[in-house]
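> pasting the sequence and the predicted coordinates here, then a few questions.
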Amino acid sequence: MTHDQPVLIAGGGIAGLCTALGLLRAGVPVRVLEQAAVLREVGAAVSLAPNATRALDSLGVGAALRAASNWPQRAAMKHYKTGADMVAYDMGKPMEGRWGSPYLQLLRADLHNVLTDELHRWDPAALKLGARVAGISQDSNGVTVETAAGTFRGSCLVGADGVRSAVRAALYGDGAPDFTGYVAWRGVVPVESLRNPDFTPDTAVFLGPQRTLLRYRVRDQSAVNVVAFARVDSWTEEGWSLPADPAELRAAFAGWHEEAEDMIEGLCSSGAFKWGLFGRAALPRWQQGRVSLIGDAAHPQLPFLGQGAAMAIEDGVLMARALARGPDVEAALACYERLRYPRATHVVQRADAHGLRIHQHLVTASADDPVPRDDFAEFDFDAATVSLDVQERS
Ligand SMILES: Cc1cc2nc3c(=O)[nH]c(=O)nc-3n(C[C@H](O)[C@H](O)[C@H](O)COP(=O)(O)OP(=O)(O)OC[C@H]3O[C@@H](n4cnc5c(N)ncnc54)[C@H](O)[C@@H]3O)c2cc1C
C-alpha cells in the first residue's frame, strides 16, 4: 500500500532534510516546513564521523559530500600551555579502512547545499520556506499544521525543528531549554590571516582547565573552523548567540600556547559569535499518535563527541525507512522510537561525560595519567542496514 498523503516535516535542518531525502527515495511524498525565508547556515563547520557519512551515502549524496569536504589525516589532543601532543592518532585512510566510510569535515552551509540540491532534484516543491510551524492538530486520518505560509495536511508530522522545537512544545510543553554550563565561541578563520598557517596536524583539541579549543581545516584547507569552549556558571545574555567580545575571548584563553592564541586572534578578527549551549532533560517518549520528534528536537546533546549532526542524520535515515514500510504511520513512528531511543540516549550521556572529562582533566600529560580520548564506539552503527524489527524499547 502507498502513502496517499504527504509526510509533513517541521524544520529544514539536517534531520529534516535527511528524513525528506530518505522518504522521497522510497517514493513517499513529503513537505518540509522551514521557518526561514532563505536557507542560510553560516559561520560554522561540522565533523562527520563514519557513522554519519555511511548514512549520508545511503541517501545518495556521497559524491557531492566528498567533493565539498576536507579529509582530515591526523588528530591530536594538545596541552594548552606547551602545545605538545598528549594523544595523537591517524584519521584519513586508516579510519576509512576500519569503518568502511570516511571521517569528513565541512562547512555547515556546504552540507546544507548538498542536501537541498539533492532534495530539489527529487521534488522541487518539497521544501516550503517561510513556513514557521505555529499550530498542530491530529485526528484519526491525519495531521493539520498551521504555519506562517498556510495550512498543510499530511499523514503524520515529524518534528525536526531543533532544540527550541515548536512541535515538542505542542506535544509536551516542557518549557525552554536549560543552559548546560558551557559557552562556545565559533568562527571560520581564513588560514592566510593566521600568524602560523602551517599548523599540524590538521585536526586538534587543546585541553586546558575548564576550557578547550577545537580547530580543524575546511574548504580545501583554505580556512580553519575554530570553536573555543568554556565552562561558566550561568548565561545572563539576551538570547543564545551574540557577537563575540574580543576582550572577553582573549582573557578567557590568555597564557595558552601561541598556536591556540593565534586561533583566538583569528576568531576575534573574523567576526566570531558566542553561543550559550542549551540542552533538555530526556523525555520519557517522543511519539504522540501521528506526531513524533527527531534530531535536536528529541535529544539535544553537547558537541564534545561531534555526534549531534550524526544522530540527526541517522534519525532521518531510520525515520524514513520506518515510514516507507507502509501507510500505518503510528506503527512506523513507534518502530522508529524503539530503534532510536536507546542509541540516542546513550550517545547524549556519553557526550555529557566526555565533556566533563576533557574540561576537568588536570592536563598533566604523563604516561600514567593518560588524556581521556573518545573510544569511537559510535562509529560502528549503520542506519541504512540495521534491522527495523526491534520488539521492545530497552
Ligand atoms: C558549538 C557546536 C558545535 C557542533 N559541532 C558538531 C559536529 O562537529 N558534529 C556533529 O555531528 N554535531 C555537531 N553539533 C551538533 C549539531 O549541530 C546538531 O546536533 C544538529 O544541527 C541538529 O540538527 P537538527 O536538524 O535536529 O536541528 P537544527 O540544525 O537546529 O535544525 C532545525 C531547523 O528547524 C527550523 N525551525 C525551528 N523552529 C521551527 C518552526 N517553528 N517551524 C519551522 N521550522 C523551524 C530551524 O530554522 C532549522 O532549520 C554542534 C553543535 C554546537 C552547538
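Yes, it's here.

> could I get the contacting residues of the residue of the stretch 151-300 of the chain found nearest the ligand?
Taking CB to the nearest ligand atom, the ligand has its nearest neighbour within the stretch 151-300 of the chain at Gly295, 2.2 Å off. C-beta here means a position set from N, CA and C on the backbone, and glycine is covered the same way. Shown in contact with Gly295 (CB atoms under 8 Å, 6 or more residues apart in numbering): 11, 13-16, 160, 162, 311-312, 315-316.

> selection in ChimeraX covering whichever of those residues are buried, please.
Of the contacts of Gly295, the buried ones can be selected in ChimeraX as follows, counting by 16 or more other CB atoms under 10 Å:
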select :11,13,14,15,16,160,162,311,312,315,316
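
> filter the contacts of Gly295 down to the ones near the ligand?
11, 13-16, 160, 162, 312 (CB under 6 Å from any ligand atom).

> stretch 297-306 vs the ligand: in contact?
Yes. Stretch 297-306 is in contact with the ligand by CB under 6 Å from any ligand atom, via 297, 303, 306.

> in JSON lines, list the residues you listed along with pLDDT, neighbour count and secondary structure.
JSON lines is the format used below for the residues of stretch 297-306 next to the ligand (pLDDT from 0 to 100; neighbours: other CB atoms under 10 Å; DSSP: H, G, I helix; E, B strand; the rest coil):
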{"residue": "Ala297", "pLDDT": "98", "neighbour count": "31", "secondary structure": "helix"}
{"residue": "Pro303", "pLDDT": "94", "neighbour count": "20", "secondary structure": "helix"}
{"residue": "Gly306", "pLDDT": "92", "neighbour count": "20", "secondary structure": "coil"}
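
> export these to TSV and tack on distance to Ala344?
Listed next are those as TSV, based on distance: CB to CB, whole Å:
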residue	distance to Ala344
Ala297	11
Pro303	15
Gly306	15
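
> which one of these is nearest to Arg325?
Arg325 lies nearest to Ala297 out of the residues of stretch 297-306 next to the ligand, by CB to CB, at 22.6 Å.

> same for the lengthiest strand in the chain, what does it pack against?
Using DSSP state E, we find that the single longest strand of the chain is strand 178-190. Contacts defined by 3 or more CB pairs under 8 Å, 6 or more residues apart in numbering; DSSP states H and E place strand 178-190 against strand 223-231, helix 258-269, strand 273-279.

> low pLDDT regions in this protein?
1, 41-43, 361-374, 392-394 (pLDDT under 70).

> where do the helices sit along it?
14-25, 50-58, 62-68, 92-99, 108-122, 166-172, 246-252, 258-269, 308-324, 329-360 (DSSP state H).

> near the ligand at all, the third one?
Put plainly, it is helix 62-68. No. Using CB under 6 Å from any ligand atom, helix 62-68 never reaches the ligand; the gap is at least 13.5 Å.

> what residues sit buried inside that helix?
62, 64-66, 68.

> residues contacting that helix, please?
Taking CB under 8 Å, 6+ apart as the rule, helix 62-68 contacts 48, 53, 56-57, 102, 104, 106-107, 110-111, 113-114, 117-118.

> Ala228 reaches Ala251, doesn't it?
No. Ala228 lies out of contact with Ala251 (CB atoms under 8 Å); the separation is 11.8 Å.

> those two - which one has more neighbours?
Legend: neighbour count by other CB atoms under 10 Å for Ala228 and Ala251, higher for Ala228 (26 against 9).

> give me every residue that touches that one.
The contact partners of Ala228, by CB under 8 Å, 6+ apart, come to 184-186, 211-214, 249, 252-253, 263-264, 267.

> how about 10 Å then?
By CB atoms under 10 Å, 6 or more residues apart in numbering, Ala228 lies in contact with 183-187, 206, 211-215, 244, 249, 252-253, 256, 260, 263-264, 267, 272, 274.

> next: His257.
Neighbours of His257 in contact, by CB under 10 Å, 6+ apart: 78-84, 206, 208, 213, 263.

> again, 7 Å this time
80-83, 206 (CB atoms under 7 Å, 6 or more residues apart in numbering).

> alongside the ligand, which residues does the protein contribute?
Residues of the chain lying near the ligand (CB under 6 Å from any ligand atom): 10-16, 33-36, 46-47, 132-133, 160-162, 166, 184, 186, 227, 275, 277, 295-297, 303, 306-310, 312.

> and if we set it to 5 Å?
By CB under 5 Å from any ligand atom, the part of the chain that sits against the ligand consists of 10-11, 13-15, 34-36, 46-47, 132-133, 161-162, 166, 184, 295-296, 303, 306, 308-310, 312.

> circling back to that earlier point, buried only: go through the contacts of His257 for me.
80, 83, 206.

> got a markdown table for those, with distance to Arg40 too?
Formatted as a markdown table, these follow (distance: CB to CB, whole Å):
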| residue | distance to Arg40 |
| --- | --- |
| Tyr80 | 34 |
| Gly83 | 36 |
| Phe206 | 30 |
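
> just the residues you listed: which are in strands?
Phe206.

> what residues are up against Gly12?
Applying CB under 7 Å, 6+ apart, the residues near Gly12 are 32, 34, 39, 127.

> what's the closest of the residues you listed to Gln391?
Val32 (31.3 Å).

> the closest one contacts Ile14, correct?
No. At 11.9 Å, Val32 and Ile14 do not qualify as touching, with contact defined as CB atoms under 7 Å.

> next, work out how far apart the residue lying closest to Ala298 once chain neighbours are set aside and Leu23 are.
Of all residues not flanking Ala298 in the chain, Trp286 sits nearest, at 4.9 Å (CB to CB, 6 or more residues apart in numbering). Computed as CB to CB, to the nearest Å, the Trp286 to Leu23 distance reads 18 Å.

> between these two, tell me which one has more neighbours.
Using other CB under 10 Å as the criterion, Trp286 and Leu23 rank with Leu23 on top: 27 against 24.

> for the more buried one, give its distance to Ala64.
In terms of CB to CB, Leu23 sits 19 Å off from Ala64.
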